[in-house]
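>>> All I have is the shape, not the residue letters:
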């Protein structure tokens, strides 16, 4: 049997496949003990163990089976490995709005790399139409692949390029813009674009998926349909994140770019609006607007595109026993701004007081947010907060830590004037500071309590 037929398999698993006459991409019926598994044998990751055989089951899910338990393998066919979805020209319909899809990478544009076992960027924006033909009934879609990277590799170069691309597409008269993006740092990108791209005449919608396109439970297709519909028809002309609302396939939520955060590592409904409520719900046919205070679509409005970014800014998540050199080190390295995610109402320990005073006196901008996420910095309440303000630390109301970081990077790119930076940071621009939180903005259902158990038992009947 050739190496390709046993790609990635070593040791015990390889010996079993050789003995039973099966290989990679064979369609098999495999017996392990008293259990019968039907599926396709997949290549193994280069870093995987040598004790398991991996099948893609008929259901579409992958399963690892201990080689030592395999008693027989019947080969019933063989498959070809298809790593890409063919690109298709998008059909034009003169009655539909023109939407531009800017691709950056991420799970919504990805496939499984069976060599490494990792999900890697692979689908070009054109291939997305091959995967989701329903898009042709929503809009006239034009695509451009700006990058093909993981979201953790997004940075100032990509942010500024995205902002400039948004400006160009608006100038061309598109009805809206969709940005395909990895979910891990999508809320960071949504925040910075909210400051770089102001007074938008049309929606700018970031969209991704929690599960790659080759999985049966992938949310990629429906998220794309919701996002393109939002770009083409939604009345809210802001930077928004469009992802699953509930973990079911009922509807998506439109989150304001400065009030959204990824809150679960794997749930499809991972994105939540923090300290507010979402702008709207979107399904396959309509919108349900939940707020009224959004900037409305106006094709005649001229956007203000300001693609600047100062990267010598740090975000410090305070923890007990944090040492002073955490602050002095940043100052010595030439950082111009520091955003602190403090405890409670905006607090840090006393050993940090002196280095923070030295930092602000040296011209470093220091701002306080709260790591609780919900709620406001209230630094007048306790001596801790008042003493920090005396040392030049400025509270940022209910701005989320990541949003404050992005805003400070942008503000320091706009100006080096100390007072102007302070004014920008404490003045709401894109909903990052709100006068109050809605009574249902903070809503957590805690498992185990009677109310939640009653609700869940009713669902399961």
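Alright, I've got the coordinates. For clarity, every value in this text was computed on a predicted model and none was experimentally measured.
>>> What count of nearby residues applies to residue 219?
Per other CB atoms under 10 Å, the neighbour tally for residue 219 reads 28. The way it works is simple: take the backbone N, C-alpha and C, and place the C-beta from them, glycine included.
>>> oh sorry, the question was meant for residue 450
When counting by other CB under 10 Å, one arrives at 7 neighbours for residue 450.
>>> Do you know the pLDDT at it?
In this model, residue 450 is scored at 84, pLDDT.
>>> now residue 239
So, for residue 239, pLDDT stands at 98.
>>> Let me see the contact set for it.
Residues near residue 239 by CB atoms under 8 Å, 6 or more residues apart in numbering: 190, 193-194, 197, 200, 204, 206, 256-258, 430.
>>> any idea how far residue 149 is from it?
Distance from residue 239 to residue 149, counting by CB to CB, to the nearest Å: 20 Å.
>>> now residue 184
Here the criterion is CB to CB. By it, residue 184 lies 12 Å from residue 149.
>>> With residue 429 instead?
Distance from residue 429 to residue 149, counting by CB to CB: 27 Å.
>>> Closest one of the contacts of residue 239 to residue 376?
residue 258 (15.2 Å; CB to CB).
>>> Now that closest one. Nearest residue, chain neighbours left out?
With CB to CB, 6 or more residues apart in numbering as the criterion, residue 258 has its nearest non-adjacent residue at 3.9 Å, and that residue is residue 432.
>>> number of nearby residues for the one you found?
By other CB under 10 Å, the residues close to residue 432 number 25.
>>> and if you look at residue 418?
11.
>>> I'd assumed residue 363 was in contact with it.
Yes: look at residue 418 against residue 363 with CB atoms under 8 Å: they come within range, at 6.8 Å.
>>> Okay, now the unreliable bits of this structure?
1-4, 45-47, 80-88, 106-130, 212-217, 458-461 (pLDDT under 70).
>>> Now residue 52. Nearest residue, chain neighbours left out?
In space, residue 52 is closest to residue 64, 4.1 Å off (CB to CB, 6+ apart).
>>> for whichever strand or helix holds the one you found, packing partners?
In this assignment (DSSP states H and E), residue 64 forms part of strand 62-66. Strand 62-66 sits against strand 26-32, strand 35-41, strand 52-57, with contacts defined as 3 or more CB pairs under 8 Å, 6 or more residues apart in numbering; DSSP states H and E.
>>> List the buried residues in that strand.
62, 65 (16 or more other CB atoms under 10 Å).
>>> cool, and stretch 240-251?
By 16+ other CB under 10 Å, the buried positions in stretch 240-251 come out as 240-245, 251.
>>> Give me the longest strand you can find in this protein.
strand 70-78 (DSSP state E).
>>> List the neighbouring strands of the helix or strand following it plus their orientation.
Sequence order places strand 98-103 as the next helix or strand after strand 70-78, per DSSP H and E. Strand 98-103 has these partner strands in its sheet, going by DSSP bridges: strand 140-145 (parallel), strand 176-180 (parallel).
>>> Show me what the helix or strand that comes right after the shortest one is packed up against.
Translated: strand 176-180. Later in the chain than strand 176-180, the nearest helix or strand by DSSP H and E is helix 186-196. Helix 186-196 sits against helix 156-172, strand 204-207, strand 239-244, strand 260-262, helix 401-414, with contacts defined as 3+ CB pairs under 8 Å, 6+ apart.
>>> Can you give the strand pairings for the second one, parallel or anti for each?
The reference is to strand 204-207. Strands adjacent to strand 204-207 in the sheet, as given by DSSP bridges, are strand 176-180 (parallel), strand 239-244 (parallel).
>>> Let me know the angle separating the longest one from helix 156-172.
It refers to strand 239-244. 100 degrees (axes from the mean of the first three to the mean of the last three CA atoms, to 10 degrees).
>>> picking that back up, put together JSON lines for the strands paired with strand 204-207, with distance to residue 305 on each row.
As requested, the strands paired with strand 204-207 are exported to JSON lines (distance: least, CB to CB, whole Å):
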{"stretch": "strand 176-180", "distance to residue 305": "12"}
{"stretch": "strand 239-244", "distance to residue 305": "12"}
